[in-house]
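Undergrad: Need coordinates for the following:
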Amino acid sequence: MRNLIYPVIISEYHDDGHYYVATSPNIPGMVTQGDTFSDAAYWAEDAIATMLDGQASYPEVQDPRSWDLKSNDRLVYITVDLDKWLHKNSKTIKKTITVPEYLSVMAKEQNINVSQLTTKALKAELGIQ
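TA: Numbering: from 1, shown residues only. A predicted model of the protein is given here:
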């Protein structure tokens with residue numbers, strides 16, 4: 001399980017309406033927003049996971065005590081469960097597998113979806129719900 005926790009700055013704005021913007025010096029270029037504070041925190045998790053997806057290593061967590069926060073800023077720690085996020089946002093890919101012919105015939109006769117069965121078996125083997 002890969003849980004990451006990053007500090008995020010959520011800033012409240014009242015210029016073109018009322019909204020919140022989330023950024024993190026830990027993740028350069030990460031910016032998202034929401035209509036409410038909770039929305040901004042929710043979308044910050046999604047933005048962090050999106051930006052870290054496929055990376056072999058993750059940015060080291062900075063100590064936010066050195067960050068210069070303004071009066072409209074709040075520091076929030078965002079937990080990202082990358083395994084859950086990747087599972088939720090995973091696309092299906094085509095894989096070719098090899099099975100004994102008799103099993104293929106029997107599965108077809110019994111209307112067993114081999115792709116679905118393989119997915120279930122892999123999830124069980126990997127301990128994924």
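Undergrad: does D15 count as helix, strand or coil?
TA: coil (DSSP: H, G, I helix; E, B strand; the rest coil).
Undergrad: could you pull out the helices for this structure?
TA: Using DSSP state H, the helices found in the chain span residues 37-52, 82-88, 101-109, 114-126.
Undergrad: What helices and strands are in contact with the third one?
TA: With contacts defined as 3 or more Cβ pairs under 8 Å, 6 or more residues apart in numbering; DSSP states H and E, the packing partners of helix 101-109 are helix 114-126. Where C-beta positions appear, they are placed from N, C-alpha and C, glycine not excepted.
Undergrad: Now do the helix it packs on and helix 101-109, the angle between them.
TA: For helix 114-126 and helix 101-109, the angle between their directions (axes from the mean of the first three to the mean of the last three Cα atoms, to 10 degrees) works out to 110 degrees.
Undergrad: Please enumerate residues in contact with helix 114-126?
TA: Outside of helix 114-126, the residues within contact range by Cβ atoms under 8 Å, 6 or more residues apart in numbering are 95, 97, 99, 104, 107, 129.
Undergrad: And for stretch 25-44?
TA: Looking at stretch 25-44 with Cβ under 8 Å, 6+ apart, the contacting residues turn out to be 6-10, 12, 18-24, 46-48, 51-52, 59-62, 67, 74, 76, 78.
Undergrad: From V80, how far out is the closest residue in space to G34 that isn't next to it in sequence?
TA: Here the nearest residue to G34 in space, its sequence neighbours aside, is A40; by Cβ to Cβ, 6 or more residues apart in numbering that works out to 3.8 Å. A40 is 15 Å from V80, where distance means Cβ to Cβ, to the nearest Å.
Undergrad: More neighbours: which of those two?
TA: Between A40 and V80, counting by other Cβ atoms under 10 Å, A40 is the more crowded of the two (25 against 21).
Undergrad: what pLDDT does that one get?
TA: With respect to pLDDT, A40 has a value of 95.
Undergrad: And it, how far from I48?
TA: In this structure, A40 and I48 are 12 Å apart, going by Cβ to Cβ.
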